[in-house]
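In: Let me see the structure of the following:
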Amino acid sequence: MKKTNLPFLLGILLFLLSAPPIINFVQEMHYEQKSEELYNFQTIFTPNLEFYVEDNQDFGIESYGPTDQNTMEKGRISLRPGLTLEKVQLIRTGKDKGTFSQEFRYRKNRIEVKDTFPLDLSKDKNLLKIFPETGTSPIEIKINGKDYSNRLPLTIFPNLFDQSRYPYFALVFVENLKTKKESLVLAQANDKHGNNYRFLWISENGKVRAETFNNNERTKKLYRTDIINAGNISPITLGYKGNTVEFYPTLFFPFLYPLLSALAGVFLIIIGGTMVHKK
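Out: Sure thing, here's the model as predicted:
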């Protein structure tokens, strides 16, 4: 009766279990390099603001943005060449709600972004905590006066007044390195699970193109994943062809598995092969 070559079989098993994530990682590196050759992406960060709350619970903006005259002029804040934040408003619009709006200027295009949020009017609350930590609101979008809102309520953080206010909405600058054309993309996740997305592409000459897709369709075009990750509008950082390629390294993954396990598998296969050869 022939003895089972245990090292060889164990090596094959370890190698087969380790191979898929390694192949996936190599594929993702290839797609990332390909995307970097085609596009340049830049997340648009907006400045925070200082607000005031009066004893009667009225509130407004005290100041916002930098005081450096190189980046701010007559209330306008330069976010990147060709893109400025023109105006910010924080006003009370009802007994228990307020609105926060921002007006951007991209080349000759005017972009308005606004949300309506609830107020925390508990009598025992600090006045400065009138803005709750979380809420929901549709994000109203107007481009050159035309309404592009989809009216879907999204999670917002009413107590934040920079880009962190919107966990599922972001502005991303995109440059096509081959055509040398640029666009500003208003990227939005239409649900908190990251299953559906909408991009509003704004060209330099004011043409607006809407692009909607689900998570399966996302993998068909590389730039979709890059824009979602740049805008940080997904619950997790996405890979080009999957959801789990991006991770925080730990001792176990990827060092013990799949790297060390693959090397151990190759080593055991060699030992097993040597045993067969000696026989």
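In: Just checking the distance from stretch 193-200 to the centre of its chain.
Out: 11 Å (CA atoms, centre = their mean, to the nearest Å).
In: Please spell out which residues along it are buried.
Out: With burial defined by 16 or more other CB atoms under 10 Å, the residues of stretch 193-200 counted as buried are 194, 196, 197, 198, 199, 200. For every residue, glycine as well, the C-beta is placed using N, CA and C.
In: Confirm residue 34 sits in a helix?
Out: Yes - checked against DSSP: H, G, I helix; E, B strand; the rest coil, residue 34 lies within a helix.
In: what's the neighbour count on the residue nearest to it when sequence neighbours are not counted?
Out: Leaving out its chain neighbours, the residue that sits closest to residue 34 by CB to CB, 6 or more residues apart in numbering is residue 222, at 6.6 Å. Applying other CB atoms under 10 Å, we find 18 residues neighbouring residue 222.
In: what do you get for residue 218?
Out: A count of neighbours around residue 218, defined by other CB under 10 Å, yields 22.
In: ok, residue 177 - contacts?
Out: Contacts for residue 177 (CB atoms under 8 Å, 6 or more residues apart in numbering) come out as 37, 38, 39, 40.
In: Could you grab the helix/strand/coil label for the last one?
Out: Residue 40 carries the three-state label strand when classified by three-state DSSP.
In: before we move on, back to that, just name the closest of the buried residues of stretch 193-200 to residue 15, please.
Out: The shortest approach to residue 15 among the buried residues of stretch 193-200 belongs to residue 194, at 33.1 Å (CB to CB).
In: can I assume that closest one is in contact with residue 237?
Out: No - using CB atoms under 8 Å, residue 194 is not in contact with residue 237; the gap is 10.6 Å.
In: any low-confidence regions in the stretch 51-200 of the chain?
Out: For the stretch 51-200 of the chain, applying pLDDT under 70 flags the ranges 66-75, 123-125.
In: Angles on the backbone of the residue nearest to residue 34, please.
Out: phi -60, psi -40 (degrees, to the nearest 10).
In: Distance of it relative to residue 270?
Out: Computed as CB to CB, to the nearest Å, the residue 222 to residue 270 distance reads 38 Å.
In: Let's verify the closest residue to residue 114 other than its chain neighbours: helix, strand, or coil?
Out: Distances taken as CB to CB, 6+ apart put residue 101 closest to residue 114, at 3.8 Å, once the chain neighbours are dropped. Under three-state DSSP, the three-state class of residue 101 is strand.
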